[in-house]
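Undergrad: Sequence first, predicted coordinates after that:
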Amino acid sequence: MKFPPWTSVSEAACLLKDGEVVAIPTETVYGLAGNAFDPKALAKIFAAKERPTFDPLIVHIADIAQLTDIAKDIPDSAYKLAEAYWPGPMTIILPKKDCIPDLCTSALPSVAVRFPSHPVAQAIIKEAGIPLAAPSANLFKHVSPTTAEHVAAQLADRIAGIVDGGPCSVGVESSIISLTGEKPTVLRPGAITPEMFAKVLGDVAIKESTSKPGQPMLAPGQCDTHYRPQVPLYYGEVPAGYTLPEHTVRIAFGLQAGPIPATVNLSATGDMVEATSKLYAFMHDLDKPDYDLILVDPIPNVGVGMALNDRLKRASIKKL
Ligand code: AMP
Ligand code: MG
């Protein structure tokens, strides 16, 4: 397919009901959606992304009542979180119902569920009348798309439709919290911070990042090299005496000094939320053969900054 023209909400709903896969906007990143109950549609998602099937998908709903279609033994804590942060950038892991195919959960007994706040995502889910499994709409290990154009650049000839809902307001993947263990555990940092989870649930655990080289994966989807642009990106202190390649660009944060002038700035005022909404767009914009190296300024590893550090550490080459 050639895009634009972009796909309308009702066309997308029809295609999804027919078992096709369609890229849809959400407030986090664009998702590549398919019928969560249909193993053939799920297989098309994995094929289009070249995503290994050991990496499970998040199921998207448009009403808290839909939770019981997908998950079972739902604890009160899930409803408390839902009331506080849904619709929004939060994914909850719960025991799955049998109607969810193994392909969706990589054969795990749990399912990941999210109720997005983007009005276009909600309209598509409601009109299709089915929960939609949707990973980010990019090729496996590439940078997640935050505009319809980013999706078209990576997947246009592989999918049935792309719905344009404008740039994503949050800009990084959802926070993931598991409620299947003894203690609620944050599996992936995002816009809903550990402090925000703790406010609702009391104590929460945070899973150690598995992005240390040479260690086995502790959770599906925690690949060391997720989110990588083609141009080498380096996140960290530039060693003294290191000569930067001629065509180095710098993604700055705030007004800190760097080894070269800022090419773009995530937030001149050091606002983490603004920075989060811009990071992937800058990574896409600077991922051009004209450049040899992308440097990114250090960002404090607190609050939403934890999501940025998590993604940037995975995107970064290990050594200059
Ligand atoms: P995305 O990267 O946006 O495609 O989100 C999918 C991610 O959600 C996966 O890579 C996993 O990290 C996580 N996930 C999905 N389902 C589960 C599950 N049942 N248990 C643990 N993590 C999950
Ligand atoms: Mg992804």
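TA: It's in. Ligands and ions are numbered 1, 2, ... in the order given.
Undergrad: quick one, what contacts the spatially most central residue of the chain?
TA: Nearest to the mean C-alpha position of the chain, by C-alpha atoms, centre = their mean, lies residue 173 at 2.5 Å. Counting by C-beta atoms under 8 Å, 6 or more residues apart in numbering, residue 173 makes contact with 28, 29, 136, 144, 188, 190, 311. Just so you know, the C-beta spots here come from the backbone N, C-alpha and C atoms, and that holds for glycine as well.
Undergrad: from those residues, which ones fall inside helices?
TA: residue 311 (DSSP state H).
Undergrad: Out of the contacts of residue 173, which comes closest to ligand 1?
TA: Taking C-beta to the nearest ligand atom as the measure, ligand 1 lies nearest residue 136 of the contacts of residue 173, at 4.6 Å.
Undergrad: wait, what's in contact with that closest one?
TA: The neighbours of residue 136, taking C-beta under 8 Å, 6+ apart as the test, are 29, 30, 31, 32, 144, 145, 173.
Undergrad: Dump the residues you listed into TSV; add pLDDT and distance to residue 160 as well.
TA: Output for those, formatted as TSV (pLDDT from 0 to 100; distance: C-beta to C-beta, whole Å):
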residue	pLDDT	distance to residue 160
29	98	19
30	98	15
31	98	14
32	98	10
144	96	20
145	97	16
173	96	23
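Undergrad: could you pick out which of those residues are near ligand 1?
TA: Contacts with ligand 1 within those, as defined by C-beta under 6 Å from any ligand atom: residue 173.
Undergrad: Check the contacts of residue 136 and tell me the two furthest apart.
TA: Using C-beta to C-beta, the contacts of residue 136 span at most 12.9 Å, a distance reached by 32 and 173.
Undergrad: List the buried residues in the longest helix that the chain contains.
TA: The residue-count maximum for a helix in the chain (DSSP H) belongs to helix 272-285. Within helix 272-285, the residues that count as buried by 16 or more other C-beta atoms under 10 Å are 272, 274, 275, 276, 277, 278, 279, 280, 281, 282, 283, 284.
Undergrad: pretty sure the fifth one contacts residue 170?
TA: Yes. Counting by C-beta atoms under 8 Å, residue 277 does reach residue 170; the two are 6.5 Å apart.
Undergrad: Flag the shaky bits of the stretch 101-250 of the chain, pLDDT-wise.
TA: Across the stretch 101-250 of the chain, the ranges flagged by pLDDT under 70 are 209-226.
Undergrad: For this structure, which segments are assigned as strands?
TA: 22-24, 31-35, 58-60, 90-95, 110-114, 132-133, 161-162, 175-178, 185-188, 205-206, 233-235, 248-252, 264-265, 293-296 (DSSP state E).
Undergrad: and for the fifth one, what are the contacting residues?
TA: Pointing back at strand 110-114 there. So strand 110-114 is in contact with 56-61, 67, 70-71, 86, 89-97, 100, 104-105, 174, 176, 178, 180, going by C-beta under 8 Å, 6+ apart.
Undergrad: tell me, which of those make contact with ligand 1?
TA: Within these, those near ligand 1 by C-beta under 6 Å from any ligand atom are 56, 58, 93, 105, 176.
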